[in-house]
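Novice: could you look at this predicted model? Sequence included:
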Amino acid sequence: MTPVTREQQRQAWLKAMGLTPWVARAPLPGAAAPVWLGQPAPAPAQGRAQARNPLPPERQASPGAGAGESPSAAGAGAGPEAGGAVLRQASEALTAPARASAPRPEPAPQAPRAAVARGPRFTLQAYATPNVWVVVEQEDADAPELGRAAQGLLANLLRVWQVGPGQPRRFLCPPDGQHITPDDAGLALGAFLQGLTRSGSARRVLLCASEDTARLILPQRFIMGEGDQAGWLAISSLAEMLDDPGTHKRRSWHAMVQAGLHA
């Protein structure tokens, strides 16, 4: 950008802000040389009268030029065609009102996505006793173990067979974390329980699980299974016994005594 172009832009900005640009008619002692627009700078050998008023006679009476106004201010609008075009463009760009941006179209509402059914999801822990496998369902399928209150209740339950909590065998459904149908979950759970009864001396199973989990392998809770599930009994989960002990503990204990799993 040349000094003349820079001065034109500066004066356009001043005009846009409502300010009148002024420069000295003659160079001032110690000041930078003014940039002259439309006229060459005055020669040093010119007389005092011409230095005071460097404009030619035909331009001294032009409208808009004040008594102390230099060609930089008065001739900005009547200078060369190229300089005037630059000034007009800069002035219009500064003074034009800001265009209101067109309102953005609102995105079309999306239909809520249907929840992906993951099928049955639970985690079981199996504890061995001399003649019964005690299988309990965790309150939280993703937790690493039972909660503190559930652990205390499990310890009291295992005292019926005079054993303490050891290292359990775990069963996670679905095994691979993907979607599984209830039928496949029932087959996987049945295979797990059958594997328990074949791995030791105990042939009976006490399943402490929610109703949804128990129905995957047995027709209903609190009634001994038949056929391949003979000796299997499903009772209330530990979480249900903790939430409503008056109902679930009493009903579960009666079912255990009736099935002969309490000894």
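Specialist: Sure thing, it's come through.
Novice: do you know how far residue 182 is from residue 127?
Specialist: 26 Å (CB to CB, to the nearest Å). (Glycine included, C-beta is placed from N, CA and C.)
Novice: more neighbours, these two?
Specialist: Summary of the neighbour comparison: residue 182 and residue 127, criterion other CB atoms under 10 Å, with residue 127 having more neighbours (21 against 12).
Novice: counting neighbours, what do you get for the nearest residue to residue 130 once chain neighbours are set aside?
Specialist: Excluding its sequence neighbours, the residue lying closest to residue 130 (CB to CB, 6 or more residues apart in numbering) is residue 161, at 6.2 Å. Counted with other CB under 10 Å, the burial measure for residue 161 works out to 19 neighbours.
Novice: so what pLDDT did residue 199 get?
Specialist: Looking at residue 199, its pLDDT stands at 85.
Novice: scratch that, residue 39
Specialist: Residue 39 is assigned a predicted lDDT (pLDDT) of 54.
Novice: same deal with the one 4 residues further on?
Specialist: According to the prediction, residue 43 has pLDDT 55.
Novice: one more: residue 73?
Specialist: Value for residue 73, per-residue pLDDT: 43.
Novice: again, but for residue 34
Specialist: pLDDT, the model's per-residue confidence, is 69 for residue 34.
Novice: what about residue 126, neighbour count?
Specialist: Using other CB under 10 Å, the number of residues around residue 126 comes to 19.
Novice: and it, how far from residue 21?
Specialist: Counting by CB to CB, the gap from residue 126 to residue 21 is 92 Å.
Novice: excluding chain neighbours, what is closest to residue 129?
Specialist: The shortest distance from residue 129 to any residue that is not its chain neighbour, by CB to CB, 6+ apart, is 3.7 Å, and that residue is residue 161.
Novice: these two touch, right, that neighbour and residue 133?
Specialist: No. Residue 161 is not in contact with residue 133 according to CB atoms under 8 Å; the separation is 10.5 Å.
Novice: in this structure residue 155 contacts residue 161, no?
Specialist: No. Because the distance of 11.9 Å does not satisfy CB under 8 Å, residue 155 is recorded as not touching residue 161.
Novice: beyond the helix or strand that contains residue 158, next helix or strand please.
Specialist: Taking DSSP states H and E as the definition, residue 158 sits inside helix 148-158. Once helix 148-158 ends, the next helix or strand along the chain (criterion: DSSP H and E) is strand 169-173.
Novice: which residues does that following strand contact?
Specialist: Defining contact as CB atoms under 8 Å, 6 or more residues apart in numbering, one finds that strand 169-173 is touched by 120-126, 135, 141, 180, 185, 188-189, 192, 196.
Novice: next one: stretch 202-212
Specialist: 120, 122, 124, 128-137, 157, 193, 196-197, 214, 217-218, 221, 231-241, 252, 256, 261.
Novice: kindly recompute the last result at 6 Å.
Specialist: 131-137, 193, 197, 231-235, 237-238, 261 (CB atoms under 6 Å, 6 or more residues apart in numbering).
Novice: where helices are concerned, which of the residues you listed count?
Specialist: 193, 197, 238 (DSSP state H).
Novice: what segments of the stretch 51-200 of the chain are helices?
Specialist: Using DSSP state H, counting those that start in this stretch, the helices of the stretch 51-200 of the chain run over residues 57-60, 71-74, 81-95, 148-158, 182-198.
Novice: pull out the buried residues from the helix holding residue 158.
Specialist: Buried residues in helix 148-158, defined by neighbour count with 16 or more other CB atoms under 10 Å: 150, 153-154, 157-158.
Novice: thinking again about what came up before, want to throw the ones in helices among the contacts of stretch 202-212 into CSV with distance to residue 13?
Specialist: As requested, these are arranged in CSV below (distance: CB to CB, whole Å):
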residue, distance to residue 13
193, 86
197, 92
238, 79
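Novice: ok, residue 141 to residue 251 distance?
Specialist: Look at residue 141 and residue 251: by CB to CB, they are 24 Å apart.
Novice: the two: which has the busier surroundings?
Specialist: When neighbours are counted by other CB under 10 Å, residue 141 and residue 251 differ, and residue 251 comes out ahead with 17 against 14.
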